[in-house]
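K.L.:
Quick one, fold the following:
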Amino acid sequence: MSDIVLTNSVRDNLISLQQTSDMMTRTQNRLATGKKINSALDNPNAFFTAQNLTNRAKDLSNLLDDIGQAVQTIKAADNGLASITKLVEAAKAKSNQALQTQSQLGRKRYAQEYNSLLKQIEDLAKDSSYKGKNLIGGAGNDLTVYFNEDNTSKLTISAVDFTDTTLQSGLNLQDLDTGADGSSAFTLSGGTGSQTFLNGAAVTLKTESLLTDNASFTAGDVIQFRDSGDAVQGATFDITATTTMQELIDFVDSYSGVNASYDEGTGTLTVNSADSFDLYNNTAAAAIIADVTASLFTATSDTLVTSGDYMAGDVLTLTDGNGYELGSLEIDATTDVQEYLDFLNKFDGISASFNTGTGNITVGSEVDLAITSSNVDFDATDFNTQNTLGVAIDATDTGFATDSDINSIIDNLNASLDAIRAQASSFGTNLTVVENRENFTRAFVNTLESGSDLLILADINEEGANLLALQTRQQLSSTALSFASQADQSVLRLFS
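P.N.:
Numbering: from 1, shown residues only. This is a model prediction of the structure:
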């Protein structure tokens, strides 16, 4: 090529055409890539500056994913707290319900439901995990959120433990004692005896008659109850010259487990007894009423009054340990064992059964119970060998046993609600911080990417216009080169 000599005009036009072609290639590359700087050769300062901005934007974009997951973790914990709040409020409502009744049986049910709510609180807290992180799940669940690429800007959110309601550092709510079952038994048995009392004229004694009008009694006689082993039981009765028949009736009737009635028309003193005994005149060494033999009830159709423990007109009142009356049953001459069982069994938490052949009735209860009567006090302190009437069942009280207990529990629930609300407020503050940093980081990434784009991106409109101008220039340069060549070709005419 160096041996070929071009004229100045041809060479100038050729160089112009080459430059135009180079600029068209560059412009076409910018249009294809969208960048005006594609390598460090284009502009080292702008290229590396843009690359640094882009790299930082990528690092922060990667952090955005973690920040977004942290937001969801906090929201999961906050959702858990909202639901736990409702359950604690339900437990408080259950406590207030217990406070509205004095029934220990009712309070036992409420205590069981209260414990069930605490169990649900624990389960809900355990289920508030998001991607293995649970901010209300206790130790090992602290959450650290990083906000910049070198981890120098961060927020650590401490977890609390609501998975165990008994923790003092958490809800500090203890499961309630729901009361242990108690049971007792008493025997239903009965025997009957009678004796006719006449005065010397073969006329029946009236209740106001003197006992000494009967030949069987003299002043100084001592009347005793003797059991089947001939052992003296309880108090004795001394007869004087002024003792009346009514006083003897009252003495016999006052003996535990014995009912006495007197028919003035026939002069007959009739006794029903839960135990075997003799009414004995110790002074005269003779039985007044002999060999009263009590036998166990064998059927639920046996009437209660034949036991000697119950009299027509007795009112059996079922009360719990708070003295709350659950119900009552009035005994009449026809009330049988089955009616007694039906009365007891209609109460929730109480079961009664009759063991045919043994005469035992067992009352199982979940609270303290006592059976009282208008005729006889059935308190446990009255129990002795002659009194198997009543039953007192000593079962373990529930955590709702007294109003004071319930009020104390309500105070604990209020404190727990305060703790939950405080924790929810703390999570809310943390959530605001993290969401704010998330928005900031997203906007900052856009800023970095925009700054990078300003350095390296091409103006497509401008480059399109440049390409059109270069194409025009290229055509003009080709034409100019052709004209310059024609000037050289004019020399050939000289040889034609």
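K.L.:
Please count neighbours and contacts with C-alpha atoms only from this point.
P.N.:
OK.
K.L.:
which ones are touching Thr293?
P.N.:
190-192, 275-277 (C-alpha atoms under 8 Å, 6 or more residues apart in numbering).
K.L.:
From Asn272, how far off is it?
P.N.:
According to C-alpha to C-alpha, to the nearest Å, Thr293 stands 10 Å off from Asn272.
K.L.:
Overlap in contacts, the two.
P.N.:
Taking C-alpha under 8 Å, 6+ apart as the contact rule, Thr293 and Asn272 both touch 190-192.
K.L.:
rewinding a little: in the contacts of Thr293, which has the lowest confidence score?
P.N.:
Lowest pLDDT among these: Asp275, with 82.
K.L.:
residue ranges of the helices in the protein, please?
P.N.:
Assignment of helices within the chain using DSSP state H yields the ranges 8-33, 44-99, 104-126, 245-254, 337-345, 403-456, 460-489.
K.L.:
Minimum distance to Ala215: which of those helices has it?
P.N.:
Closest to Ala215 of those, according to C-alpha to C-alpha: helix 245-254, at 13.1 Å.
K.L.:
Which residues in the closest one does the neighbour count mark as buried?
P.N.:
Buried residues in helix 245-254, counted by 16 or more other C-alpha atoms under 10 Å: 245-249, 252-253.
K.L.:
now swap in stretch 94-111 and tell me
P.N.:
Those would be 94-96, 98-99, 102-111, for stretch 94-111 by 16+ other C-alpha under 10 Å.
K.L.:
Flag the shaky bits of this structure, pLDDT-wise.
P.N.:
Across the chain, the ranges flagged by pLDDT under 70 are 1-14, 16-23, 25-42, 186, 321, 357-396, 452-464, 466-467, 469-471, 473-496.
K.L.:
Go ahead and flag the most central residue of it.
P.N.:
Leu117 (1.1 Å; C-alpha atoms, centre = their mean).
K.L.:
Run through the residues that contact that residue.
P.N.:
87-88, 90-91.
K.L.:
Can you say which of those are buried?
P.N.:
Of the contacts of Leu117, these count as buried by 16+ other C-alpha under 10 Å: 87-88, 91.
K.L.:
tell me which of those residues is nearest to Leu417?
P.N.:
Val88 (7.0 Å).
K.L.:
Help me confirm that the closest one comes into contact with Leu417.
P.N.:
Yes: Val88 lies in contact with Leu417 (C-alpha atoms under 8 Å); the separation is 7.0 Å.
K.L.:
Give me the neighbour count for Leu326.
P.N.:
Leu326: 16 surrounding residues under other C-alpha atoms under 10 Å.
K.L.:
That one against Leu316, yeah?
P.N.:
No: at 10.8 Å, Leu326 does not count as touching Leu316 under the criterion of C-alpha under 8 Å.
K.L.:
which ones are touching the closest residue to Thr178 other than its chain neighbours?
P.N.:
Once flanking residues are discounted, Thr178 sits nearest to Thr398: 4.5 Å by C-alpha to C-alpha, 6 or more residues apart in numbering. By C-alpha under 8 Å, 6+ apart, Thr398 lies in contact with 104, 107-108, 111, 176-179, 367.
K.L.:
try it again with 6 Å
P.N.:
Residues in contact with Thr398, defined by C-alpha atoms under 6 Å, 6 or more residues apart in numbering, are 108, 177-179.
K.L.:
same question, Thr402
P.N.:
By C-alpha under 6 Å, 6+ apart, the contact list for Thr402 is empty.
K.L.:
8 Å instead?
P.N.:
With C-alpha under 8 Å, 6+ apart, Thr402 has these contacts: Asn322.
K.L.:
Dump stretch 439-453 to PDB, restricted to CA.
P.N.:
What follows is stretch 439-453, C-alpha atoms only, in PDB (Å, rounded to 0.1, in the frame of the first residue of the first chain):
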ATOM      1  CA  ASN A 439     -37.900   1.600  52.300                       C
ATOM      2  CA  PHE A 440     -34.700   3.700  52.700                       C
ATOM      3  CA  THR A 441     -32.500   0.900  51.400                       C
ATOM      4  CA  ARG A 442     -34.800   0.300  48.400                       C
ATOM      5  CA  ALA A 443     -34.800   4.000  47.600                       C
ATOM      6  CA  PHE A 444     -31.000   4.100  48.100                       C
ATOM      7  CA  VAL A 445     -30.500   1.200  45.700                       C
ATOM      8  CA  ASN A 446     -32.400   3.100  43.100                       C
ATOM      9  CA  THR A 447     -30.200   6.200  43.800                       C
ATOM     10  CA  LEU A 448     -27.000   4.100  43.400                       C
ATOM     11  CA  GLU A 449     -28.300   2.500  40.200                       C
ATOM     12  CA  SER A 450     -29.400   5.800  38.800                       C
ATOM     13  CA  GLY A 451     -26.000   7.300  39.500                       C
ATOM     14  CA  SER A 452     -24.300   4.500  37.800                       C
ATOM     15  CA  ASP A 453     -26.600   4.800  34.800                       C
END
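K.L.:
Run through who's touching that stretch.
P.N.:
Contacts with stretch 439-453, where a contact means C-alpha under 8 Å, 6+ apart, come from 49-51, 53-54, 56-58, 60-61, 64, 147.
K.L.:
where's it relative to the chain centroid, distance-wise?
P.N.:
In terms of C-alpha atoms, centre = their mean, to the nearest Å, the centre of stretch 439-453 is found 49 Å from the chain centre.
K.L.:
Stretch 320-334 now?
P.N.:
34 Å.
K.L.:
same check, this time on stretch 49-57
P.N.:
Worked out by C-alpha atoms, centre = their mean, stretch 49-57 lies 55 Å from the chain centre.
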